[in-house]
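> for reference, the sequence and a predicted model appear below.
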Amino acid sequence: MTLEARDVWFRYSRTTPWVVRGASLTVGPGEVVGLHGPSGAGKSTLGRLLAGHVAPGRGTVSADGRPPAPDRRRGVPNPVQLVLQHAHLALDPRWKIRAALAEAGAADTADLVPPSLLDRFPHEISGGEAQRVALARALLTRPRYLVADEISASLDPISQAEVWHLLLATARADGIGVLAVSHDRPLLDAVADRVLALDDTTAVTT
Ligand SMILES: Nc1ncnc2c1ncn2[C@@H]1O[C@H](COP(=O)(O)OP(=O)(O)OP(=O)(O)O)[C@@H](O)[C@H]1O
């Protein structure tokens, strides 16, 4: 039972260079793996591949042995959820927070989102609060794995700590495997069980 990329290659079109070149990594249930590397090395692209938002040109991606994808026929969400840096962009500006969470099947959000936020629109909450909502929405789908791509890069230190506390406490309690993508090596050292480097030429190394 793992989230796994095996010798994955990806390019955005047939005429452009490969941006992920033979990357392999695993994330186990309840494990927090950091992914670090220079700008443009392909970290976000690898995160999108692991969440099934794009398909590899070569190699395979699997979550507990299956391609990461929602089962729409049965109404089962994607077991791999992706949370990104700019949370406001992930929230529909026309929907109040309560509705955004309800769409994710949220019955009880009390532990994840302060009730005072529920009747506000996304433009009426801060960046840190929006990231908390985006994270809550992903967690409420009860994922097996979560790819957290620079989720705290735009936040002040207090909001950053709150978002990571929420994520790590839930991941530990529910056995969710986390791939934490960041430029911030000290952050990864603080939150991850192990940190991998995606260098700008080839694959993931420890
Ligand atoms: N939608 C896209 N279409 C074409 N090329 C893209 C697209 N998204 C990313 N790229 C290119 O793919 C390469 C890898 O980008 P990616 O965002 O995965 O790197 P990264 O390691 O996450 O970078 P950063 O740390 O700066 O966010 C870059 O050269 C980028 O310009």
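All right, it came through fine. Keep in mind that what you see is a predicted model, and the values were worked out from it rather than measured.
> the chain against the ligand: which residues are in contact?
Within reach of the ligand by CB under 6 Å from any ligand atom, the chain has these residues: 12, 19, 37, 39-45, 183. Bear in mind the C-beta positions are built from the backbone N, C-alpha and C, glycine included.
> who wins on neighbours among these?
Greatest neighbour count in the residues of the chain next to the ligand, by other CB atoms under 10 Å, goes to residue 43: 25 neighbours.
> give me every residue that touches it.
Neighbouring residues of residue 43 by CB atoms under 8 Å, 6 or more residues apart in numbering: 35-37, 149, 181, 198.
> adding distance to residue 134, secondary structure and pLDDT as columns, could you present those in CSV?
As requested, the contacts of residue 43 are arranged in CSV below (distance: CB to CB, whole Å; DSSP: H, G, I helix; E, B strand; the rest coil; pLDDT from 0 to 100):
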residue, distance to residue 134, secondary structure, pLDDT
35, 19, strand, 95
36, 22, strand, 93
37, 23, coil, 91
149, 11, strand, 96
181, 15, strand, 96
198, 24, strand, 87
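> buried ones among those residues?
Using 16 or more other CB atoms under 10 Å as the burial test, the contacts of residue 43 include 35-37, 149, 181, 198 as buried.
> any idea where the strands of this protein begin and end?
In the chain, the segments counted as strands under DSSP state E are 3-10, 20-27, 32-36, 58-63, 80-83, 145-149, 177-181, 194-198, 204-205.
> pick out the shakiest of these, pLDDT-wise.
Per-stretch averages of pLDDT across these put strand 204-205 at the bottom, with a mean of 54.
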